[in-house]
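Chemist: Predicted structure and sequence below. I'll ask about it afterward.
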Amino acid sequence: MRLSNLADYAVVIMSAAARAGHGARLSATVLAEETGIPLPTTQKLLGKLAAAGLFRSARGGGGGFVLTRGPGEISLADVVEAVEGPIAMTTCVDEGRQCCALEEACQVRPQWSVVNNAIRGALSGVSLASLSGVH
């Protein structure tokens, strides 16, 4: 399993926001400059992260993006799911999705949810605070 570049960049942006301090207002330009992520990509990711409820945005002179929770309350799973959608190792663990041609006879399918839950649990156990070195 490999994170997409966008998910990786989202973690970098969230870590930069965590280091700025809870309550700090950050612009897309500042985050792009600090992280080295191109401004259009930073803007796109900030929109996704805000839509997922990880940032609150405000327009105007005093505007910018503010973390909605402290870095210790945001997990790596929260960030990855904001960009990638629900963590699902295979389509078998997606509710309501047709799995594959082997679905009827597959002996492994019932175990994928165990694997998926273990991976999601591991990502949930890593806080933004620990990733960014903020305590």
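Modeler: Good, I have the coordinates. These numbers come from a predicted model, not from an experiment.

Chemist: center of this protein, which residue is that?
Modeler: residue 79 (1.5 Å; C-alpha atoms, centre = their mean).

Chemist: Check which helix or strand that one maps to.
Modeler: Residue 79 belongs to helix 76-84 when assigned by DSSP states H and E.

Chemist: so how far is the particular helix or strand that has residue 131 in it off the chain centroid?
Modeler: According to DSSP H and E, residue 131 maps onto helix 128-132. Chain-centre distance of helix 128-132: 13 Å, with C-alpha atoms, centre = their mean, to the nearest Å.

Chemist: what's next to that helix, contact-wise?
Modeler: For helix 128-132, the surrounding residues in contact (C-beta atoms under 8 Å, 6 or more residues apart in numbering) are 11, 14-16, 18-19, 70-72, 74-76, 78-79, 134-135. In short, each C-beta sits where N, CA and C put it, glycine included.

Chemist: Which of the helices and strands in this protein ranks last by mean pLDDT?
Modeler: Lowest by mean pLDDT, DSSP states H and E among the helices and strands of the chain is helix 109-124, with a mean of 88.

Chemist: quick one, what contacts residue 125?
Modeler: Counting by C-beta under 8 Å, 6+ apart, residue 125 makes contact with residue 75.

Chemist: and it, what are its phi and psi?
Modeler: Backbone dihedrals for residue 125, given as degrees, to the nearest 10, come out at phi -80, psi 0.

Chemist: That one and residue 18: what is the separation?
Modeler: 17 Å (C-beta to C-beta, to the nearest Å).

Chemist: same thing with residue 91?
Modeler: Going from residue 91 to residue 18 by C-beta to C-beta gives 33 Å.

Chemist: between these two, which one's more packed in?
Modeler: Shown here are residue 91 and residue 18; by other C-beta atoms under 10 Å, residue 18 has more neighbours (23 against 12).

Chemist: Mind checking what secondary structure the more buried one has?
Modeler: Secondary structure assignment for residue 18 (DSSP: H, G, I helix; E, B strand; the rest coil): helix.
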